[in-house]
Every structure is written in structure tokens, then in C-alpha cells.
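A.B. asks: pasted the sequence and its predicted model underneath.
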Amino acid sequence: MTPYGFEQFIKKVMEANGSTGVSVTKPSGDGGIDINAHVGESNDFFAGTHVKAQVKRWCHSVGSIEINNFRGALRTTAKGIFVTTSQYTRAAVLEAKHEYKPCITLIDGGLLSSLVVRSKLSVDSFK
């Protein structure tokens, strides 16, 4: 799957899990944001919340530098989600949950696999 194909696939995963208005940014010059979306109306607490996602189809771990760079690309009104096919370093997890900075939700390869299975999506159509 190409990196842009992976972004398209994550768009479908997000839609299948209740996100609305999901759009993938252009392949380059996106300013660090790959996907824009909103939390669906079925979520009573966060419905309508603007979500921005960074997605990485990587084999190596995502570190704190990537998390911090992503946070810098977020607007103050958006919730951040970082999705990877790999895993996060301990420093990345600490940075994402920093007490004095906006929290970023981390989805690693294991959780992503669970979301794909629960969504009943097929990877084959995105190669």
C-alpha cells in the first residue's frame, strides 16, 4: 500500500468508526496534517469536535520528535490523533500525554488492527 493509499484507508477506518466529514489532505505540502474529520453525532460528549490526524505507514517506532512536530501543526481547536502501523517509543507516549500540552491520541499497529477488524474493512482494495 502506498503512503497516500494508507491515508485513504485510514479515512475509511475513521468513517467506519463514527467520524464525519473525513477528508484526506493533498499528498505533499499538507503542513503535517494528513486527515481532517469531525467526531460523529453519536458521541454525546465530543460530537462535532474537529479532529486532525497524522498517519505513518512505518516499520520503525515513532518517537517524541514526530509527536511534538505533529502537535505544532495542530490548531488549538483541533483534537490530534497519530496513527502508525508500528509502535511508539516510551518518550513518544510521554510527549503525547504531557500534562501541560494538548493531549494527542496514539493508535499503534495493534490497536489499528483491532479497529480494522471491528470495522470489517479489507486492506486489499487499497493497494
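C.D. replies: Alright, I've got the coordinates.
A.B. asks: that's a helix at I81, yeah?
C.D. replies: No - with DSSP: H, G, I helix; E, B strand; the rest coil as the criterion, I81 is strand rather than part of a helix.
A.B. asks: now this structure, which segments are flagged as low pLDDT?
C.D. replies: Within the chain, the segments meeting pLDDT under 70 span 125-127.
A.B. asks: for A37, see how far away the closest residue in space to G40 that isn't next to it in sequence is.
C.D. replies: Nearest residue to G40, sequence neighbours excluded (CB to CB, 6 or more residues apart in numbering): G18, at 3.8 Å. The way it works is simple: take the backbone N, C-alpha and C, and place the C-beta from them, glycine included. Computed as CB to CB, to the nearest Å, the G18 to A37 distance reads 10 Å.
A.B. asks: please save the CA atoms from stretch 115-123 in PDB.
C.D. replies: Extracted in PDB, the C-alpha atoms of stretch 115-123 (Å, rounded to 0.1, in the frame of the first residue of the first chain):
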ATOM      1  CA  LEU A 115     -10.200  -1.200  14.600                       C
ATOM      2  CA  VAL A 116      -9.900  -2.600  11.100                       C
ATOM      3  CA  VAL A 117     -11.300  -6.000  12.200                       C
ATOM      4  CA  ARG A 118     -14.100  -4.300  14.100                       C
ATOM      5  CA  SER A 119     -14.900  -2.200  11.100                       C
ATOM      6  CA  LYS A 120     -15.000  -5.200   8.800                       C
ATOM      7  CA  LEU A 121     -12.800  -3.400   6.200                       C
ATOM      8  CA  SER A 122     -10.500  -5.100   3.700                       C
ATOM      9  CA  VAL A 123      -7.000  -3.800   3.100                       C
END
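A.B. asks: number of nearby residues for F6?
C.D. replies: Using other CB atoms under 10 Å, the number of residues around F6 comes to 19.
A.B. asks: if I look at the residue nearest to G31 when sequence neighbours are not counted, how far off is E41?
C.D. replies: Using CB to CB, 6+ apart and skipping the chain neighbours, the partner closest in space to G31 is A73 (5.5 Å). For A73, the distance to E41 equals 27 Å [CB to CB].
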